[in-house]
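Peer 1: Sequence below, structure please.
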Amino acid sequence: MQKNSKSLPFHVLARSEKIPADAKGWSAYLETDYWDDWGKYRTQFYLTIVDTHGKKHGIGQVKIGSRGLKPHSGGDDIPSGHRYPALDKDFTLLGSNYFSVGQDEDYYSSLDALGDLIREQVLVALKDVAWDAALWKWAKDEYVMGESLLRSVTRSTVEGQFRRMARGDARVTRYEFSYSPPKRLGEGAPPFELEFSVDPSSRIPTNVHILIGRNGVGKTRLLSLMTKALVAKDASAKQSGKFELSEQGKNSGTFANVVAVSFSAFDEADLLPDRDSSSDALGFSYIGLRGWASDSPTASIKPKSPQMLATEFVNSLKECRIGARRRRWAEVVGTLQSDPVFKAAQLAEVIEADLSDKEELEGVLKTFKALSSGHKIVLLTLTRLVEKVEERTLVLIDEPEGHLHPPLLSAMTRAISELLVRRNGVAVVATHSPIILQEVPRSCVWIINRILTASKAERPTIETFGESIGILSREVFQLELSQSGYHQILNDVRREAVSYEDALDLMGHQLGAEGKAVLRAMYVNDED
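Peer 2: Prediction:
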């Protein structure tokens, strides 16, 4: 749809007035609504926008207030500054004393349907408090705000859902779904069922879910099966398992898109071709080290070279310069600024580069190539996710910790979570790193275990969000920890030393606080 680059004119219509039948060119009409709030205020209008072809777009109800606006019961003699806002008949921008808020989510989604420019012009012109956090800071305490503008809208909705939608992000909805892996030969039921729930009202984000367990329990295979169950044309529950939506989840619809992420050099899962979403098929994108040798249906799979990955980054960056993706990319990069390497790279300048200019393009490539392998993977992954993640996307990420040090892994996890909140998406991450567990609550974690050929999945017994690495490691890998690493050395020392003090002497007192606690517990257990 063609966008209006000039200031959008607004026209206020009285009850008896109609939008001119011959209205053309981008313009906005506020039809006065005589709805009365508690016999005190009349602040409601219906917003309609006319496009360049004369088509009328009904946006919805909006309420407009002003600083110090006093209540009044109505009548023929209403003093100035009472009951309703004094709006000019025609304007392009309300004064600094005014503020407004849409009365439902459809108001903001209807604006967004007209494109970023029109949406922003309307919200700025009408002094929308969901759009302008600084304006909301003082306007929320105005009497008219509580008595009229927020009569049917909660403050938390303005600060949450409306603010996201005002910025062009997706309407956040609840997800409730489950996945059951395929049955094994001779078994009557799947080995387990994984349940996933995303609560948009939770203060701690619940849109990143973790599958964690030691190497070899089948986490990567689970992700591969989940991908096939949703994307592969010949997928069946018998071969790939199946997804099911709960009754709550069915109200929100199914997935629209799947993105698989894997940078493992040993990834041998079947590589499915990328495809756009359609009426009868989910969209699918792969982000990783492998690629097709050509566009031929029979093409072989080969590793991507460093130059190919750099080119992929630039091509994706071009897509991220368009519309709201530019802002989302900048927000993702802002989250990564906690890492000193990314901060020094001045990535905010990269999105502003003219990639059609050879010199500026070379500068972007130089910045990317100067990064370490881990930083390249993070930047490429997040750039591609900004490009590919649309509303209701499922992102499947296999062991992201392979090339990343702990702080960078945490920053990447948080950046992905924030992006998915904005796009109303969800991720399932397979990992053996307890660092990622610190970023999500217990309700978003499944511990995968295997005993001989039998697999099982269970929730942690402790809360995981913000917990220490040591405690999380013991929770997930308790048996393995007690039989490997420094635990094995402590076991050997315990057999030689008759007491805890003797054991410390034997090791020259070169033992950290956690090791001392483990060693002391060994001797206490011996006494018991």
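
Peer 1: quick one: low-confidence ranges for the stretch 301-450 of the chain?
Peer 2: With pLDDT under 70 as the threshold, the stretch 301-450 of the chain has low-confidence stretches at 301.

Peer 1: hey, where'd the helices end up in it?
Peer 2: Using DSSP state H, counting those that start in this stretch, the helices of the stretch 301-450 of the chain run over residues 306-320, 324-336, 340-344, 358-369, 373-388, 406-423, 434-437.

Peer 1: Give me the buried positions along the first one.
Peer 2: In terms of neighbour count (16 or more other C-beta atoms under 10 Å), helix 306-320 has its buried residues at 309-310, 312-314, 316-317, 320. In this view, the C-beta of every residue, glycine as well, is placed from N, C-alpha and C.

Peer 1: need these in TSV with distance to Glu159, can you?
Peer 2: Rendered in TSV, the data for the buried residues of helix 306-320 read as follows (distance: C-beta to C-beta, whole Å):
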residue	distance to Glu159
Leu309	39
Ala310	40
Glu312	37
Phe313	35
Val314	37
Ser316	32
Leu317	32
Cys320	27
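
Peer 1: closest to Thr154 among those?
Peer 2: Of all those, Cys320 has the smallest distance to Thr154: 33.5 Å, by C-beta to C-beta.

Peer 1: residues contacting the closest one?
Peer 2: Contacts of Cys320 were listed using C-beta atoms under 8 Å, 6 or more residues apart in numbering, and they are 326, 328-329, 351, 383, 386-387.

Peer 1: which one of the residues you listed sits closest to Gly363?
Peer 2: So of the contacts of Cys320, ranked by how close each gets to Gly363 (C-beta to C-beta), first place is Ile351, at 12.6 Å.

Peer 1: I'd like to know which helix or strand in this structure has the lowest mean pLDDT.
Peer 2: Least confident helix or strand of the chain, by mean pLDDT, DSSP states H and E, is helix 247-250 with a mean of 54.

Peer 1: Toward the C-terminus, what is the element adjacent to that one?
Peer 2: strand 257-262 (DSSP states H and E).

Peer 1: Quick check: chain neighbours aside, which residue is closest to the residue positioned nearest the centre of the chain?
Peer 2: With distances taken as C-alpha atoms, centre = their mean, the chain has Leu420 as the residue nearest its mean C-alpha position (1.5 Å). With C-beta to C-beta, 6 or more residues apart in numbering as the measure, Asn207 is the residue that lies nearest to Leu420, at 4.7 Å, once sequence neighbours are left out.

Peer 1: could you pull out the strands for the stretch 151-300 of the chain?
Peer 2: Under the criterion DSSP state E, counting those that start in this stretch, the stretch 151-300 of the chain carries strands at the ranges 175-180, 194-198, 208-212, 242-245, 257-262, 283-288, 290-292.

Peer 1: Pull the residues that contact the second one.
Peer 2: If you take C-beta under 8 Å, 6+ apart as the criterion, strand 194-198 is touched by 174-180, 206-207, 209, 211, 426, 428, 443-444, 446, 457.

Peer 1: I'd like the strands of the stretch 151-300 of the chain as TSV, with mean pLDDT appended.
Peer 2: Putting the strands of the stretch 151-300 of the chain into TSV (pLDDT from 0 to 100) gives the following:
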stretch	mean pLDDT
strand 175-180	90
strand 194-198	93
strand 208-212	94
strand 242-245	87
strand 257-262	92
strand 283-288	90
strand 290-292	74
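
Peer 1: Could you chop the protein up by domain?
Peer 2: What automatic domain parsing lists as the domains of the chain is 10-166, 170-297+391-464, 305-388, 483-527.

Peer 1: sorry, back to before: between the strands of the stretch 151-300 of the chain, which gets nearest to Leu225?
Peer 2: Across the strands of the stretch 151-300 of the chain, the minimum distance to Leu225, taken as C-beta to C-beta, is reached by strand 175-180, at 8.3 Å.
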